[in-house]
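*Asks:* next comes the sequence, and after it the predicted model I'd like to discuss.
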Amino acid sequence: MVVPSPTPIRTKKTKAIGIPTIDLSLNRSMLSELIVKACEEYGFFKVVNHGVSKEIIARMEKEGSEFFGRTTTEKQRAGPASPFGYGCKSIGPNGDMGELEYLLLHTNSLSISERSQAISNDPTKFSCVANDYIQAVKEVACEILDLVAEGLWVQDKCILSKLIRDVQSDSLLRLNHYPQVKDINDWDPTPKLYQHQCTNNRIGFGEHSDPQILTVLQSNDVGGLQVSLHDGLWVPVPPDPTEFYVIVGDALQVLTNGRFVSARHRALANSMKPRMSMVYFGAPPLSSWIYPLPELVSPQKPSLYKPFTWDQYKKAAYSLRLGDSRLDLFKIHNNIGDKTH
Ligand SMILES: C=C1C[C@]23C[C@@]1(O)CC[C@H]2[C@@]12CC[C@H](O)[C@@](C)(C(=O)O1)[C@H]2[C@@H]3C(=O)O
Ligand SMILES: O=C(O)CCC(=O)C(=O)O
Ligand SMILES: [Fe+2]
């Protein structure tokens, strides 16, 4: 028997450290400080006491599991993901691959209702459950963005949340399903060491940052998500099915003039149990201009980014690979000593 030689995925070391947990029931002034600190230091944190009911989460999870439990032919009726619909293994248009299948939806209720015809045998129920979930997580995202604006002493406290509350908002909902890895103790003629290497290096969703403003992520009780901290170490994120993880996206990095940095993350698919994540990406309307908020620009801290519309940014993102640093395309090179300035 010929066993292909394993091609190990280059992984940086992982480290177990505490990811900040923020209790949304604390008083506002303390909360806004804690959230700004977490966004500055990690670009990633967990929120508890978020006010989203267990039922809303459970109903969405059930719809997701039912969808992924359908036959391939049935699931493909909801695809291909170009970009919306059902996708399997292929992520985006430029050859990125991962050990997952997913459903990518625009959050606009008309779009949800149209798509749900091909997603479920009970499309009205699916639409209803998805709209309730989207509404609930959008509120969490807006509350966090208002607290960010307060913590940064921005004059218009709703300036960030208004972008994703807009009826034309380009926010998305993504359900990811990472199939289980078969038990290596099951009968299999492949040498154990090879199996071990394969099962321990499977990338579910490769390293990337999210292009949007803010991501609100929930998963079942199966681990796999990792976040990369400034020192380059991968930190495993403990799964917590009743709470949400919040991730700073590229657009918020620009809006804060680089004070927050979008968090690079990835998901491994190494578990003996299937993993499902439900991810809300809060984004502005396509026509919105994104540039650093004036309060965060000064002669000491000149603007780091050229203004762009969300539509322009999305087009740039879709022209690049998953792990590329798209923000580099919009950077202003205004360092002292930079001859081009
Ligand atoms: C490879 C790609 C997939 C992606 C679009 C892109 O060209 C680069 C960004 C990717 C990403 C990551 C976060 C979200 O999951 C996503 C929906 C998004 O907005 O940007 C995906 C895109 C996708 O899967 O279509
Ligand atoms: O499944 C996860 O936990 C991460 C998914 C993710 O990063 C994404 O959908 O952009
Ligand atoms: Fe992501």
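*Replies:* Perfect, thanks for sending it. Ligands and ions are numbered 1, 2, ... in the order given.
*Asks:* got a list of what residue 46 touches?
*Replies:* 19, 20, 21, 22, 240, 243, 244, 245, 246 (C-beta atoms under 8 Å, 6 or more residues apart in numbering). (Glycine included, C-beta is placed from N, CA and C.)
*Asks:* let's see it at 6 Å
*Replies:* Residues near residue 46 by C-beta atoms under 6 Å, 6 or more residues apart in numbering: 21, 243, 245.
*Asks:* only whichever of those residues are buried, select them in PyMOL.
*Replies:* Paste this into PyMOL to select the buried members of the contacts of residue 46, with burial taken from 16 or more other C-beta atoms under 10 Å:
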select buried, resi 243+245
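*Asks:* so which of the contacts of residue 46 belong to helices?
*Replies:* When DSSP state H is applied, these are split such that none fall in helices.
*Asks:* ligand 1 contacts on the stretch 101-250 of the chain?
*Replies:* Proximity of the stretch 101-250 of the chain to ligand 1 (C-beta under 6 Å from any ligand atom) is limited to residues 104, 172, 174, 208, 210, 211.
*Asks:* where does the stretch 51-200 of the chain get nearest to ligand 2, residue-wise?
*Replies:* Nearest residue of the stretch 51-200 of the chain to ligand 2 (C-beta to the nearest ligand atom) works out as residue 176 at 4.2 Å.
*Asks:* now the element after the strand or helix carrying residue 57, going C-ward?
*Replies:* Using DSSP states H and E, residue 57 sits within helix 54-68. Sequence order places helix 72-76 as the next helix or strand after helix 54-68, per DSSP H and E.
*Asks:* give me the mean pLDDT for stretch 150-166.
*Replies:* Stretch 150-166 carries an average pLDDT of 98.
*Asks:* got it, and stretch 276-283?
*Replies:* Rounded to a whole number, the mean pLDDT of stretch 276-283 is 99.
*Asks:* do that stretch and ligand 2 meet at all?
*Replies:* Yes - contact of stretch 276-283 with ligand 2 (C-beta under 6 Å from any ligand atom) involves 277, 279.
*Asks:* for that stretch, what is the distance to the chain centroid?
*Replies:* Mean-position distance between stretch 276-283 and its chain equals 6 Å (C-alpha atoms, centre = their mean, to the nearest Å).
*Asks:* equivalent analysis for stretch 129-141, please.
*Replies:* A distance of 15 Å separates the centroid of the chain from that of stretch 129-141, by C-alpha atoms, centre = their mean.
*Asks:* list the buried ones in it?
*Replies:* Residues of stretch 129-141 classed as buried by neighbour count (16+ other C-beta under 10 Å): 129, 130, 131, 132, 133, 134, 136, 137, 138, 139, 140, 141.
*Asks:* pull the CA atoms of that stretch into CSV?
*Replies:* Extracted as CSV, the C-alpha positions of stretch 129-141 are listed here (Å, rounded to 0.1, in the frame of the first residue of the first chain):
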residue,chain,number,x,y,z
VAL,A,129,-36.0,31.6,12.9
ALA,A,130,-33.2,33.2,10.9
ASN,A,131,-34.7,36.7,11.0
ASP,A,132,-35.2,36.4,14.8
TYR,A,133,-31.6,35.2,15.2
ILE,A,134,-30.2,38.0,13.0
GLN,A,135,-32.3,40.6,14.8
ALA,A,136,-31.0,39.4,18.2
VAL,A,137,-27.3,39.3,17.2
LYS,A,138,-27.5,42.6,15.4
GLU,A,139,-28.7,44.1,18.7
VAL,A,140,-25.7,42.7,20.5
ALA,A,141,-23.4,44.1,17.8
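*Asks:* relative to the strand or helix carrying residue 226, what are the paired strands and their orientations?
*Replies:* Using DSSP H and E, residue 226 sits in strand 225-228. Strands adjacent to strand 225-228 in the sheet, as given by DSSP bridges, are strand 234-236 (antiparallel), strand 264-268 (antiparallel).
*Asks:* need those in CSV (columns: distance to ligand 2 and mean neighbour count).
*Replies:* Formatted as CSV, the strands paired with strand 225-228 follow (distance: least, C-beta to the nearest ligand atom, whole Å; neighbours: other C-beta atoms under 10 Å):
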stretch, distance to ligand 2, mean neighbour count
strand 234-236, 11, 18
strand 264-268, 4, 23
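*Asks:* by contact count, what packs against the helix or strand where residue 315 lies?
*Replies:* Taking DSSP H and E as the criterion, residue 315 maps to helix 310-319. Contact partners of helix 310-319 among helices and strands, from 3 or more C-beta pairs under 6 Å, 6 or more residues apart in numbering; DSSP states H and E: none.
*Asks:* check the offset of the helix holding residue 57 from the chain's centre.
*Replies:* Here helix 54-68 is found 18 Å from its chain centre; the criterion is C-alpha atoms, centre = their mean.
*Asks:* which stretches of the stretch 1-150 of the chain have low pLDDT?
*Replies:* Applying pLDDT under 70 to the stretch 1-150 of the chain picks out residues 1-17.
*Asks:* run the last query once more with 50
*Replies:* For the stretch 1-150 of the chain, the stretches with pLDDT under 50 are 1-16.
*Asks:* which secondary structure elements does the longest strand that the chain contains contact?
*Replies:* Ranked by number of residues, the top strand in the chain under DSSP state E is strand 96-106. Strand 96-106 sits against strand 85-91, strand 172-178, strand 203-208, with contacts defined as 3+ C-beta pairs under 6 Å, 6+ apart.
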